[in-house]
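K.L.:
I'll drop the sequence and a predicted model, then ask my questions.
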Amino acid sequence: MGKLLGLSCRECGRLAPVEGTSYCEECFAPLEPAYDYEAVRAEVSRELWASRPADIWRYRELLPLLGPPEAALPVGFTPLLPARKLGRVLGHRVLFIKNDAVNYPTLSFKDRVVAVALNKAIELGYDTIACSSTGNLANSVAAQAAFAGLKAVVFVPAELEEAKLVNTRIYGATLVRVDGNYDAVNRLCTQIAQEQRWAFVNVNLRPYYAEGSKTVGYEIAEQLGWRLPDAVVVPMAGGSLIGRVHKAFGELGKLGLVEPRPVKIFGAQASGCAPIVRAVQAGREQIVPEKPNTIARSLAIGNPADGLFAARVIRDSGGWGAHVSDQEIIEGIRLLASCEGVFTETAGGVTVASFRRLLEEGRIQPDETTVLCITGNGLKTIDAVCGVGGEEFLIAPKLAEFKRVVLGATRFQQPVAFAEAAPIVSGGR
Amino acid sequence: MPVTVRLGSPFRRQTNGQETLECAASNLPQLFLELESRFPGLTKNLCNERGEPRPFLNVYVNDEDIRFLGGTGYNFSDGDEVLLIPSIAGGSR
């Protein structure tokens, strides 16, 4: 442990001390942890990491903690699944699903970032952990705070899926529902963070929090047999995850743990909130904020904090962006569930549908090893897909009726129909 | 036509801790000019020479992002409250 040198400014490069702050005092740009990579290189190896328990802490030399994590939950190391049927249906040959829908403890990739930020909060002596959230982050902060014995205060837009509210309250967190969209919640939390000595994981602890996302990239490489894919497709809300996956791949190459090679980074958003994708597609160097209107509420951030960096990473890597309608999102969820047995939330539908679009546009080639990052669980957004799926019957408990109604149904007599993809509906939401 | 300007804590290092001030600017570029005249050096990293905010500065007028109101073209109204904060800020107290 202890490979953290400080926080360096992402624009001017100035090095700041390790504390609960997120901006450069000189130019006000965001900060990110700087590591002593020579020291890391001298210590780590594939064998060392592989010999440790299968969770994010095996990569601790590249996480921004100064000592061993005090609240070390077994977060991460989620399955990397070969998605052969989904690939066949969509016309792709080497497709993988990184399935954070089954992450521990709260079934989303946010468990990674919270695990790192919460342990940093403990190191820095905070007793209250807080966040602004579209839901998944709220769930994870509440659960992990309960485990660690910290007080939790969670701010969310008032209009959120009930499952995400239930999954926050149950852990005993203080839930503050704010009458406004996520961007209003985030603005409020930024103001509160300047007044209260609370560890807002995605505000004043953001530099540490964001580093937790890198573990997705480390795991993908390790699970592919210590090699990098040709392409990854990542859903974007604040735009942090996509940059950190890219950073993780770069770090592994720099440390000699994988063969360095360019990985094309693709970003996915909903058409109802796609400020980063639109910047990429228009070749713009700035993000034009949007008022979100999409069923993918976990991605509904109209003023993404890391949007500019995300757009740069996509462009510089040779990747691209796609945005998809609500109808395509639902079809994406259905396809992934029926082809691979993975039930993802709306954000995962965005990823699958955007991958499909990118494949059809020729941005991703059928023989390029491609990983789709599935970041959340479908049980949290069931309203979006009520009534979607296989056929369903209601019968009296009589054998004759079973034969007549179920066996007699025309569709039931046909071969398994999972492999049908509904046509893409373009335009609209 | 005074507007109230509220400065996020990161900027108060250059304002001797002053958090709010009244200002007669009628738009954002003028506001930056007035801030600079009162606190020399403050706006170097807040805006460019055309008075457009830097990417890492968020500007809100009555809690609405100024970009939704027309950005630098927005004309302040009497009593507007203008908030300046780094895009993701907080802490270091």
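P.N.:
Great, that's in hand. All values reported here derive from a predicted model rather than from experimental measurement.
K.L.:
now stretch B:12-27: buried residues?
P.N.:
B:14, B:21, B:23, B:25, B:27 (16 or more other C-beta atoms under 10 Å in any protein chain shown). (Glycine included, C-beta is placed from N, CA and C.)
K.L.:
now these as CSV including pLDDT and distance to chain A?
P.N.:
Formatted as CSV, the buried residues of stretch B:12-27 follow (pLDDT from 0 to 100; distance: C-beta to the nearest C-beta, whole Å):
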residue, pLDDT, distance to chain A
B:14, 88, 10
B:21, 94, 17
B:23, 93, 20
B:25, 94, 20
B:27, 96, 19
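K.L.:
inside strands: which ones of those residues?
P.N.:
Residues of these located in strands (DSSP state E): B:21, B:23.
K.L.:
just the buried residues of stretch B:12-27 now: which is nearest residue A:249?
P.N.:
residue B:14 (39.1 Å; C-beta to C-beta).
K.L.:
helices of the stretch 151-300 of chain A, start to end?
P.N.:
A:162-169, A:182-193, A:206-211, A:214-223, A:240-254, A:275-282 (DSSP state H, counting those that start in this stretch).
K.L.:
for the fifth one, packing partners?
P.N.:
When contacts are defined as 3 or more C-beta pairs under 8 Å, 6 or more residues apart in numbering or on different chains; DSSP states H and E, helix A:240-254 sits against helix A:206-211, helix A:214-223, strand A:231-235, strand A:264-270, helix A:307-317.
K.L.:
relative to residue A:153, how far out is the residue positioned nearest the centre of chain B?
P.N.:
What sits nearest the mean C-alpha location of chain B, by C-alpha atoms, centre = their mean, is residue B:84, with 4.3 Å. From residue B:84 across to residue A:153, the span is 25 Å (C-beta to C-beta, to the nearest Å).
K.L.:
if we can go back for a sec, bridge partners for the residue nearest to the centre of chain B, pull those for me.
P.N.:
residue B:7, residue B:59 (DSSP bridges).
K.L.:
who touches it in this structure?
P.N.:
B:5-8, B:11, B:46, B:57-59 (C-beta atoms under 8 Å, 6 or more residues apart in numbering or on different chains).
K.L.:
at 10 Å instead, please
P.N.:
Taking C-beta atoms under 10 Å, 6 or more residues apart in numbering or on different chains as the criterion, residue B:84 is in contact with A:28, B:5-8, B:10-11, B:28, B:31-32, B:35, B:42-43, B:46-47, B:53, B:57-60, B:66.
K.L.:
how about residue A:302?
P.N.:
If a contact means C-beta under 10 Å, 6+ apart, then residue A:302 has A:181-184, A:272-275, A:287-293, B:65, B:68 as its contacts.
K.L.:
hmm, which of the residues you listed are the buried ones?
P.N.:
Buried among the contacts of residue A:302 (16+ other C-beta under 10 Å): A:181-184, A:272-275, A:287, A:289-290, A:292, B:65, B:68.
K.L.:
show me where chain B dips below the pLDDT cut-off.
P.N.:
B:1, B:89-93 (pLDDT under 70).
K.L.:
same question, the stretch 201-350 of chain A
P.N.:
For the stretch 201-350 of chain A (pLDDT under 70), the answer is none.
K.L.:
residue in it with the shortest distance to chain B?
P.N.:
Nearest residue of the stretch 201-350 of chain A to chain B: residue A:204, at 3.0 Å (C-beta to the nearest C-beta).
K.L.:
looking at it, that residue is touching residue A:126, isn't it?
P.N.:
Yes: in this structure, residue A:204 is within contact of residue A:126 by C-beta atoms under 10 Å, at 9.5 Å.
K.L.:
looking at the two, which has the bigger crowd around it?
P.N.:
residue A:204 (33 against 21; other C-beta atoms under 10 Å in any protein chain shown).
K.L.:
quick check: which of the helices and strands packed on helix A:240-254 is nearest to residue A:323?
P.N.:
Here strand A:264-270 is closest among the helices and strands packed on helix A:240-254 (C-beta to C-beta), at 4.7 Å.
K.L.:
name the residues of the stretch 1-150 of chain A found near chain B, please.
P.N.:
Listed as neighbours of chain B in the stretch 1-150 of chain A under the rule C-beta under 10 Å from any C-beta of the partner chain: A:10-12, A:16-17, A:19-31, A:124, A:126, A:130.
K.L.:
which of these are buried?
P.N.:
Applying 16+ other C-beta under 10 Å to the residues of the stretch 1-150 of chain A next to chain B flags A:10-11, A:16, A:20-24, A:27-31, A:124, A:126, A:130 as buried.
K.L.:
number of residues surrounding residue A:170?
P.N.:
Residue A:170 has 12 nearby residues by other C-beta under 10 Å.
K.L.:
and it, its phi and psi?
P.N.:
Main-chain torsions, residue A:170, degrees, to the nearest 10: phi -60, psi -30.
K.L.:
can you pull the residues of chain B lying near chain A?
P.N.:
Counting by C-beta under 10 Å from any C-beta, chain B sits next to chain A at B:6, B:8-13, B:19, B:44-46, B:52, B:54-58, B:60, B:63-65, B:67-68, B:71, B:83-93.
K.L.:
quick one: residue B:20 and residue B:2 touch, right?
P.N.:
No: using C-beta under 10 Å, residue B:20 makes no contact with residue B:2, being 11.5 Å away.
K.L.:
all strands for chain A, in order.
P.N.:
A:4-9, A:15-16, A:31-35, A:80-82, A:95-99, A:128-132, A:151-157, A:174-178, A:199-200, A:231-235, A:264-270, A:321-324, A:370-374.
K.L.:
re earlier: put the buried members of the contacts of residue B:84 into a ChimeraX selection.
P.N.:
Entered in ChimeraX, the line below selects the buried ones among the contacts of residue B:84, by 16+ other C-beta under 10 Å:
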select /A:28 /B:5,7,8,10,11,28,31,32,35,42,43,46,47,53,57,58,59,60,66
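K.L.:
quick one, what contacts the residue lying closest to residue A:277 once chain neighbours are set aside?
P.N.:
Spatial nearest neighbour of residue A:277, excluding adjacent residues (C-beta to C-beta, 6 or more residues apart in numbering or on different chains): residue A:321 at 3.5 Å. Going by C-beta under 10 Å, 6+ apart, residue A:321 touches A:233, A:236, A:242, A:265-269, A:274, A:276-281, A:310-311, A:314-315, A:354, A:357-358, A:363.
K.L.:
doesn't residue A:128 make contact with residue A:145?
P.N.:
Yes: counting by C-beta under 10 Å, residue A:145 touches residue A:128, with 8.7 Å between them.
K.L.:
thinking again about what came up before, need the helices and strands packed on helix A:240-254 in CSV (columns: distance to residue A:174 and mean neighbour count).
P.N.:
Shown next, in CSV, are the helices and strands packed on helix A:240-254 (distance: least, C-beta to C-beta, whole Å; neighbours: other C-beta atoms under 10 Å in any protein chain shown):
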stretch, distance to residue A:174, mean neighbour count
helix A:206-211, 20, 28
helix A:214-223, 28, 24
strand A:231-235, 28, 29
strand A:264-270, 30, 29
helix A:307-317, 29, 22
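K.L.:
save those as a markdown table, and put in distance to chain B too.
P.N.:
Shown next, in a markdown table, are the helices and strands packed on helix A:240-254 (distance: least, C-beta to the nearest C-beta, whole Å):
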| stretch | distance to chain B |
| --- | --- |
| helix A:206-211 | 5 |
| helix A:214-223 | 18 |
| strand A:231-235 | 20 |
| strand A:264-270 | 18 |
| helix A:307-317 | 6 |
